[in-house]
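Engineer: Sequence plus predicted model, see below.
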Amino acid sequence: MPLGPIEMICLKFPETAIKDDIALALKELVDRKTIRIVDILFVRKGENGEILITEIDEMEDVDHSLLDASISEISGLISEEDIEDIATQLDNGSFAALMLFENTWATTFRDAVLQANGQLLLSERIPHSVIEAVMAVKA
């Protein structure tokens, strides 16, 4: 099965729990086949600075149907170094969710480009803060 583009994002939260509306929005992306989740893990930093890493499959109170079992065998893309780097950026008493996902919406487009012998020359995500700064200058 050819995969679409794979991305990894990390979201930092000041509290140690994800709100229901975030989980629902993520489920909607999966249900609409916009993305397929490959892996999610959580990095928690306790009040005393201790680090706890939890894989989503170790958690009992989450919807495991969000993960796509057919591609969950991808491993090694989230490294220990990635996790350590994220942990150093966390404040005590906070946590981060690290998610690896496939942009399934791009698969059909990618296939059409490949059929036309096209090649990807650049793929870059521009942070929202950069877009806001440019828009503010233009206003």
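Structural biologist: Cool, the structure landed.

Engineer: switch to C-alpha atoms for all contacts and neighbour counts from now on
Structural biologist: Noted.

Engineer: Mind telling me what element the residue nearest to the spatial centre of the chain is part of?
Structural biologist: What sits nearest the mean C-alpha location of the chain, by Cα atoms, centre = their mean, is residue 99, with 3.0 Å. Using DSSP states H and E, the element containing residue 99 is strand 94-102.

Engineer: so the residue nearest to the centre of the chain bridges to which residues?
Structural biologist: Residue 99 has the following beta-bridge partners by DSSP bridges: residue 9, residue 40.

Engineer: correct me, but it touches residue 8?
Structural biologist: Yes - Residue 99 is within contact range of residue 8, at 5.5 Å (criterion: Cα atoms under 8 Å).

Engineer: Next, the contact list for the residue nearest to the centre of the chain, please.
Structural biologist: 8-10, 37-41 (Cα atoms under 8 Å, 6 or more residues apart in numbering).

Engineer: Let's see that with 6 Å instead.
Structural biologist: Residue 99 sits next to 8-9, 39-40 when contact means Cα atoms under 6 Å, 6 or more residues apart in numbering.

Engineer: Looking at those residues, which is nearest residue 87?
Structural biologist: residue 9 (14.2 Å; Cα to Cα).

Engineer: Can you tell me how far the closest one is from residue 82?
Structural biologist: 11 Å (Cα to Cα, to the nearest Å).

Engineer: pLDDT value on the residue nearest to the centre of the chain, please?
Structural biologist: pLDDT recorded at residue 99 is 89.
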